[in-house]
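> give me a model of this one.
(2 chains)
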Number of protein chains: 2
Amino acid sequence: MPDQDTGVLYIVGIGPGAEAHITPAALRAIQEAELVVGYTTYIKLVKHLIDGKEIVRTGMTEEIARARAAVERAQAGAKVALISSGDAGVYGMAGLVFQVLKDIGWKRGEPPELRLIPGITALNSCASLVGAPLVHDFCAISLSDLLTPWPVIVRRIEAAASADFVIGLYNPASGRRTRQIVEAQSIVRRHRAGDTPVALVKSAYRKLQHAVLTDVDHFLDYEIGMLTTVLVGSSNTYAFEGYMVTPRGYSNKYTSDGEVLPGQRPGFSLTADRFSPQPEEQ
Amino acid sequence: MPDQDTGVLYIVGIGPGAEAHITPAALRAIQEAELVVGYTTYIKLVKHLIDGKEIVRTGMTEEIARARAAVERAQAGAKVALISSGDAGVYGMAGLVFQVLKDIGWKRGEPPELRLIPGITALNSCASLVGAPLVHDFCAISLSDLLTPWPVIVRRIEAAASADFVIGLYNPASGRRTRQIVEAQSIVRRHRAGDTPVALVKSAYRKLQHAVLTDVDHFLDYEIGMLTTVLVGSSNTYAFEGYMVTPRGYSNKYTSDGEVLPGQRPGFSLTADRFSPQPEEQ
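As a prediction, the model looks like this:
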């Protein structure tokens, strides 16, 4: 337990928003805090938990002010919870907190004490609603070019598509940002079959939750906005009874009864000769 | 609530293992289950929650048998919780469950009813212990070549390194598998400065938790095993007071006081001329 006099800054990921997916550690941090700082939408998600506490709500573009306010109040001795939806360390406020601490010359051991509480990020909450798309190698790419140059983002989409990752696209589009997802699709199409499964998940575990299973050729026919996460399958991902599934690769080594295939040995590297032309083929 | 007579298969991620990081939804699924199926280590992590329940424990290499047992019992009417550590959809059992369902010709709407419960995966739990490494684009790659051909894995490491992703390596080494992490390091070195931060996190939020902050040139000097997750920074990741931080890119557009830099506009794409030679430079 922290000293009564020492400020604590909890950096908290509350997961998708529903209480069933907020961890006890995140809950406890919010309960212990005297001051809760967050984007208005996230504050609303935990409204029932923060009665009687001081609240700093700020809009979407005021992240720097929010991080500074949280750090300064905690430095002055308060217990502060800075909350993000999902995981605060994935496109969340955690990075900005360290930037602010660096700017003010903070040293480890000085107040505030930092406590990072992990949360379920959109990749995982969205995946759980559409099946098992992330069972093999995947990456997360934000299509927001507000803070990252578009050519850097393009290079990442290209690399992820060409090396056959499952791809999770965060911030795929907004009112003003509509061109990026179109360009992303055209890159992916050069590397994936048109019928490769794509899931669009909006507001996972919130009131307006909506999930669509479609494919690389058709996903632009659906509404994609700020609250949508786009999951693009690898070449091994398949659609099954409305679910999207990326196999781990068991069928490379075992029959469906668990018998070892000829030429393979459990516990040893997969032998390579089964893998041309289609690695990890199901 | 499911019908009394209908079998339910909960596919549950319990997060890193500590109770503070198991979601209420995961807890409830385990409590409702009559039968709990899982790898021995994971069963131990939730031992106190499953008193009086029927348990199927199996070893690490018996995943197929475990998935089949869970599906068959749920199909026959039982409430079954199949548990994975982390998120069951990330290198977890969820993919194998769908494979088994496909093999037996299961159709949506037939028993068992499927319920996927997301959990905090190792990427997020490990990241929270070392700072904020995942605040910008990242990928997850498993170095296990037991089920995936090594050349496929190499291609992914190469792509992730060249396109400047933060890289999370799952299953980096085991008693028998020691060469892979060495080869991974040599690929990463061709694309990253030797002092790029690397974190090694073992048994996050468990008894033997251990985290090391090192760099690309030196991380092989430390013990890396089956329970280690390796987090390799992007070119923008920096070490700060023992933490590893990947910036989101605010300093591309704003001063540390939140003032907009000349030539930039809030809410609009970043203009490109600030970005050679170092994109997203902090």
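
> going forward, measure contacts between C-alpha atoms and count neighbours the same way
Noted.

> how far off centre is the helix or strand of chain A with the lowest mean pLDDT?
Sorting the helices and strands of chain A by mean pLDDT, DSSP states H and E puts helix A:40-45 at the bottom, at a mean of 80. How far helix A:40-45 lies from its chain's middle: 18 Å, per CA atoms, centre = their mean, to the nearest Å.

> what does stretch A:125-141 give?
For stretch A:125-141, the distance to the chain centre is 10 Å (CA atoms, centre = their mean).

> poorly predicted segments of the stretch 51-200 of chain A, please.
A:59-61 (pLDDT under 70).

> can you show me the helices along it?
For the stretch 51-200 of chain A, helices defined by DSSP state H, counting those that start in this stretch occupy the ranges A:63-75, A:94-103, A:122-130, A:150-162, A:179-189.

> out of the ones you listed, which gets nearest to A:A239?
Of all the helices of the stretch 51-200 of chain A, the one in closest proximity to A:A239, counting by CA to CA, is helix A:122-130 (9.9 Å).

> the stretch 151-282 of chain A against chain B: which residues are in contact?
Contact residues (CA under 8 Å from any CA of the partner chain) of the stretch 151-282 of chain A with chain B: A:152, A:155-156, A:159-160, A:162-165, A:176, A:240-242, A:245-250, A:252-253, A:256-258, A:266-272, A:275, A:279-280.

> buried ones among those?
A:155-156, A:159-160, A:162-165, A:240, A:245-250, A:252-253, A:256, A:258, A:269-271, A:275, A:279-280 (16 or more other CA atoms under 10 Å in any protein chain shown).

> now chain A against chain B: closest residue?
A:C139 (3.8 Å; CA to the nearest CA).

> deepest of the helices of the stretch 51-200 of chain A, which one?
Mean neighbour count (mean count of other CA atoms under 10 Å in any protein chain shown) peaks for helix A:122-130 among the helices of the stretch 51-200 of chain A, with a mean of 26.

> just the angle for that one relative to helix B:94-103, thanks.
20 degrees (axes from the mean of the first three to the mean of the last three CA atoms, to 10 degrees).

> can I get the CA coordinates of helix A:122-130 in PDB?
Extracted as PDB, the C-alpha positions of helix A:122-130 are listed here (Å, rounded to 0.1, in the frame of the first residue of the first chain):
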ATOM      1  CA  ALA A 122      -9.900  -4.100 -28.700                       C
ATOM      2  CA  LEU A 123      -8.000  -6.800 -30.600                       C
ATOM      3  CA  ASN A 124      -8.900  -9.400 -28.000                       C
ATOM      4  CA  SER A 125     -12.400  -8.200 -27.200                       C
ATOM      5  CA  CYS A 126     -13.300  -7.900 -30.900                       C
ATOM      6  CA  ALA A 127     -11.700 -11.300 -31.700                       C
ATOM      7  CA  SER A 128     -13.800 -13.100 -29.000                       C
ATOM      8  CA  LEU A 129     -17.000 -11.900 -30.700                       C
ATOM      9  CA  VAL A 130     -16.200 -13.300 -34.100                       C
END
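
> for it, name the packing helices and strands.
strand A:197-202, strand A:210-215, strand A:228-232, strand B:113-117 (3 or more CA pairs under 8 Å, 6 or more residues apart in numbering or on different chains; DSSP states H and E).

> nearest to A:V97, of these?
strand A:228-232 (24.9 Å).

> circling back to that earlier point, any chance of the helices and strands packed on helix A:122-130 in JSON lines, with mean neighbour count and distance to B:N124 too?
Shown next, in JSON lines, are the helices and strands packed on helix A:122-130 (neighbours: other CA atoms under 10 Å in any protein chain shown; distance: least, CA to CA, whole Å):
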{"stretch": "strand A:197-202", "mean neighbour count": "26", "distance to B:N124": "20"}
{"stretch": "strand A:210-215", "mean neighbour count": "18", "distance to B:N124": "24"}
{"stretch": "strand A:228-232", "mean neighbour count": "27", "distance to B:N124": "18"}
{"stretch": "strand B:113-117", "mean neighbour count": "22", "distance to B:N124": "16"}
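
> can you tell me which of the ones you listed is nearest to B:I14?
Across the helices and strands packed on helix A:122-130, closest to B:I14 is strand B:113-117 (CA to CA), at 8.7 Å.

> does chain A sit close to the closest one?
Yes. Using CA under 8 Å from any CA, we find that strand B:113-117 touches chain A at B:L116, B:I117.

> ok, that strand: who's next to it in the sheet?
Strand B:113-117 has these partner strands in its sheet, going by DSSP bridges: strand B:8-13 (parallel).

> quick one: residues in contact with the partner strand.
For strand B:8-13, the surrounding residues in contact (CA atoms under 8 Å, 6 or more residues apart in numbering or on different chains) are B:2, B:26, B:29, B:70-71, B:74-75, B:77-89, B:93-94, B:111-120.

> do that again at 7 Å, thanks
Strand B:8-13 is contacted from outside by B:26, B:29, B:71, B:74, B:78-88, B:94, B:112-119, using CA atoms under 7 Å, 6 or more residues apart in numbering or on different chains.

> starting at the chain centroid, how far to it?
Chain-centre distance of strand B:8-13: 18 Å, with CA atoms, centre = their mean.

> with stretch A:45-65 instead?
With CA atoms, centre = their mean, you get 21 Å for stretch A:45-65.

> how near is A:G267 to A:P118?
32 Å (CA to CA, to the nearest Å).

> before we move on, what about A:G194?
36 Å.

> looking at those two, which is more packed in?
A:P118 (31 against 14; other CA atoms under 10 Å in any protein chain shown).

> quick one: residues contacting the more buried one.
A:V12, A:G13, A:D87, A:A88, B:N124, B:S125, B:S128.

> ok, the residues you listed vs B:K102, which is closest?
B:N124 (30.8 Å).

> for the closest one, which non-adjacent residue is closest in space?
Nearest non-adjacent residue to B:N124, counting by CA to CA, 6 or more residues apart in numbering or on different chains: A:P118, 6.0 Å away.

> list the buried residues in stretch A:40-49.
Within stretch A:40-49, judged by 16+ other CA under 10 Å, the buried ones are A:T41, A:Y42, A:I43, A:L45, A:V46.

> what sits closest to the third one if chain neighbours are left out?
It stands for A:I43. A:R57 (7.1 Å).

> neighbours around that neighbour, how many?
17.

> tell me the secondary structure of A:S256, please.
coil (DSSP: H, G, I helix; E, B strand; the rest coil).
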